[in-house]
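[1] next one to model:
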Amino acid sequence: MAALTPAALPDVEPPARSGGRGRRGGIWRGVVLVVAALYFVTPLLASFVFTVNDPMTGFTLDAYGEIFTAEGFAQSLLLSLGLAVATIVLVLVLTLPAMLAVRLSAPRLRPVLEVLCTLPLVVPPITFVAGISTVLRWGPDYLAATPFYQTIISIQNPAFPVVLVIAYAVLALPFVYRALDAGLGAMDVRTLVEAARNCGASWPVVLLRVIVPNLKSGLASASFLTLALVLGEYTIARLLGFQPFSVWIVTISGANAPLSVAVSIFSLLLTWLLLLVLSTAGTRRSRS
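    Sure thing, here's the model as predicted:
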């Protein structure tokens, strides 16, 4: 019997690469990045030049040296950071268990929860704060003979206004919901929960030891968005008569404009630094 020899395969030329299209795409990406960089960096550079250029003495860093010694700086910054931490804890405690319950037990209610969480996007802040002001004015008159009178008074304590925490938690709901929904959508929640429950884990253990470690990136994104919202929110705090960091910056702008701009740059850099810390921590924990 004749030996079988493989037939020679015809030479097939590889498909020509669209080098021109790739180069054009790279050029357009570079153009977009340059335009975006100019859009964000130019105002920062102009602000920095304004703070260091004194018409009388020339280049000076006095505005940045006055930041930490300015009256009210430390109190307003610590107040805003405390409000941010309380808001992050409150909104996560309210949102995460509700989203898990809807995903596991009542998936048909997911559109309802989504509408409720995104509803603050369509409510103007001025309308929102007008409603809060009406409730705060109405409370002492009609609740004077009830135990709730002291509650209405205590939540308006200027040292730590809890009413701002409640208002900021409502405003942060849409952003927290989107961040957590993306994180939960990237993991098999039902399988993880069923495996943990079959091993005898209680619901708190499932939430803290199973869900939260697998949701680090979503929690970090939700926390940063809430932090940025609290540090930059002005309307509600100003109309309610409190003075967190954003209100303090506007207050000193009339008396010392270079200091106000320097503090604004400092707050922006602080926010970026916190973003970097949160994103780095979330990435390391996700890899581990």
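[2] use CA for all of it now, contacts and neighbours both
    Noted.
[3] spatially central residue in this protein, please.
    L225 (0.5 Å; C-alpha atoms, centre = their mean).
[4] helix or strand for L229, which one?
    helix 216-232 (DSSP states H and E).
[5] other SSEs contacting that helix?
    In terms of contacts (3 or more C-alpha pairs under 8 Å, 6 or more residues apart in numbering; DSSP states H and E), helix 216-232 is packed against helix 73-104, helix 162-185, helix 245-253, helix 257-287.
[6] ok, the residue lying closest to P140 once chain neighbours are set aside - contacts?
    With C-alpha to C-alpha, 6 or more residues apart in numbering as the criterion, P140 has its nearest non-adjacent residue at 6.0 Å, and that residue is Y149. For Y149, the contact set (C-alpha atoms under 8 Å, 6 or more residues apart in numbering) comprises 139-140, 143.
[7] ok, of those residues, which come out buried?
    Among the contacts of Y149, the ones that count as buried by 16 or more other C-alpha atoms under 10 Å are 139-140.
[8] out of the contacts of Y149, which are inside helices?
    139-140 (DSSP state H).
[9] of the contacts of Y149, closest to R108?
    Distance to R108, by C-alpha to C-alpha, is smallest for G139 among the contacts of Y149, at 37.2 Å.
[10] how close does the residue lying closest to the closest one once chain neighbours are set aside sit to P158?
    Leaving aside its chain neighbours, G139 sits nearest to I152 (6.5 Å; criterion: C-alpha to C-alpha, 6+ apart). Distance of I152 to P158, computed by C-alpha to C-alpha, to the nearest Å: 13 Å.
[11] compare neighbour counts for those two and give me the winner.
    I152 (20 against 13; other C-alpha atoms under 10 Å).
[12] next, work out how far apart G82 and I152 are.
    For G82 relative to I152 (C-alpha to C-alpha), the value is 20 Å.
[13] run a quick neighbour tally on the closest residue to L219 other than its chain neighbours.
    By the measure of C-alpha to C-alpha, 6+ apart, the closest residue to L219 outside its immediate chain neighbours is L180, 6.6 Å from it. Residue neighbour count, defined by other C-alpha under 10 Å, stands at 23 for L180.
[14] ok, V163 - contacts?
    For V163, the contact set (C-alpha under 8 Å, 6+ apart) comprises 155-156.
[15] so where's the chain uncertain?
    1-22, 25, 254, 278-288 (pLDDT under 70).
[16] rewinding a little: nearest to E114, out of the helices and strands packed on helix 216-232?
    That would be, of those and by C-alpha to C-alpha, helix 162-185, which comes in at 7.6 Å.
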